[in-house]
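S.K.: 3D model of this:
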Amino acid sequence: MDIVLVFSGLFSVVNTAFVVAMESNLSPDPNNTTHALFTQLIQIGLGHLTAVGSTPAALASTWSPSTAIIRI
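M.R.: Next comes the predicted model:
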């Protein structure tokens, strides 16, 4: 029984290490969202309201992590 607890604890530690190491790669880059919103604000400020209304800002909705990161 004790050996099972030791191995499950080691397994948990190794999994946690991988999750912490890969966590930053599994979220979209906030700079892309900021850039898209600033672009939209600049278009509004320049008076291009029709351009802003016709095409919404390309936020991070199209972002997806690479397959190599997902596999890890």
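S.K.: give me the low-pLDDT residue ranges for this protein?
M.R.: Per-residue confidence for the chain (pLDDT under 70) gives these ranges: 48-65, 72.
S.K.: mind listing the helices for it?
M.R.: With helices called from DSSP state H, the chain shows them at 2-22, 30-45, 49-54, 67-71.
S.K.: which of these is buried the deepest?
M.R.: Of the helices of the chain, the one with the most neighbours on average (mean count of other C-beta atoms under 10 Å) is helix 30-45, at a mean of 13. Yep, even glycine has a C-beta here, placed from its N, CA and C like the rest.
S.K.: packing partners of it?
M.R.: In terms of contacts (3 or more C-beta pairs under 8 Å, 6 or more residues apart in numbering; DSSP states H and E), helix 30-45 is packed against helix 49-54.
S.K.: next, work out how far apart Ile42 and Phe11 are.
M.R.: Ile42 sits at a distance of 51 Å from Phe11 (criterion: C-beta to C-beta, to the nearest Å).
S.K.: show the end-to-end separation of stretch 20-31, please.
M.R.: 21 Å (C-alpha to C-alpha, to the nearest Å).
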